[in-house]
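S.K.: Sharing a model that was predicted from the sequence below.
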Amino acid sequence: LAALLAGVPAGQPLVAVVHADLPVGATRTDPQDAAALDADLRRSADAAWNLHELTLEQPLTAFLLLSSSAGLMHGAGQGARAAAAGFLSSLARHRRTLGLAATALAFGPWEAAAAPAGQTELLASLGLPALGAKRGLALLDEALRTPEADL
């Protein structure tokens with residue numbers, strides 16, 4: 001990644017970074033042992049932190065950290081997602097204290113043709129209707145305009 005960023009032409013600087021997180025154990029519903037949880041969290045946290053460190057000197061106007069709200073609101077067995085979302089939120093706030101661009105956004109469920117049978121309906125019954133692409137992208141645009149670091 002460092003070599004890739006070093007190859008960005010000076011006349012065309014990098015202005016935005018998107019870290020889209022989905023922990024490897026995201027569909028796991030069985031109890032995770034400490035090693036599995038650590039591996040899932042470390043993968044997500046290390047990637048985000050590396051992006052942070054490698055872009056400190058870049059003139060970024062956006063540093064977007066996307067995660068899932070599953071571990072926070074509606075996902076039994078989603079400890080890795082909750083931990084990753086917490087780290088990404090903290091990283092966004094840290095970057096803001098440094099005067100750097102950052103927004104952490106934990107999305108709820110999206111409409112997906114490949115969603116397990118009944119999952120969309122179940123989540124909707126819990127007050128979490130699936131986002132369509134148009135609405136989800138509108139929320140993303142809104143998040144990038146808000147002064148909040150953590151959404």
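M.R.: Noted; the coordinates are in hand. Quick caveat, the model's predicted, so the values are computed rather than measured.
S.K.: just checking, what packs against the longest strand seen in the chain?
M.R.: In the chain, with assignment by DSSP state E, the single longest strand is strand 62-68. Applying 3 or more Cβ pairs under 8 Å, 6 or more residues apart in numbering; DSSP states H and E, we find strand 62-68 packed against strand 16-20, helix 34-54, helix 79-97, strand 103-107, helix 133-145. (Glycine included, C-beta is placed from N, CA and C.)
S.K.: what about the fourth one, distance to the chain center?
M.R.: I take that to be strand 103-107. The chain centre lies 6 Å from the centre of strand 103-107; the measure is Cα atoms, centre = their mean, to the nearest Å.
S.K.: Least confident secondary structure element in the protein?
M.R.: helix 119-125 (a mean of 77; mean pLDDT, DSSP states H and E).
S.K.: got the contact list for that helix?
M.R.: The contact list for helix 119-125 (Cβ atoms under 8 Å, 6 or more residues apart in numbering) reads H74, G108, P109, E111, A112, P129, A130.
S.K.: quick one: low-confidence parts of the protein?
M.R.: For the chain, the stretches flagged by pLDDT under 70 are 22-32, 70-79, 113-116.
S.K.: can you do 50?
M.R.: 23-27 (pLDDT under 50).
S.K.: rewinding a little: which one (most neighbours) among the contacts of helix 119-125?
M.R.: Highest neighbour count within the contacts of helix 119-125, by other Cβ atoms under 10 Å: P109, with 22 neighbours.
S.K.: separation between that residue and F87?
M.R.: From P109 over to F87 the distance is 21 Å, taken as Cβ to Cβ, to the nearest Å.
S.K.: circling back: out of the helices and strands packed on strand 62-68, which is closest to L5?
M.R.: helix 34-54 (5.4 Å; Cβ to Cβ).
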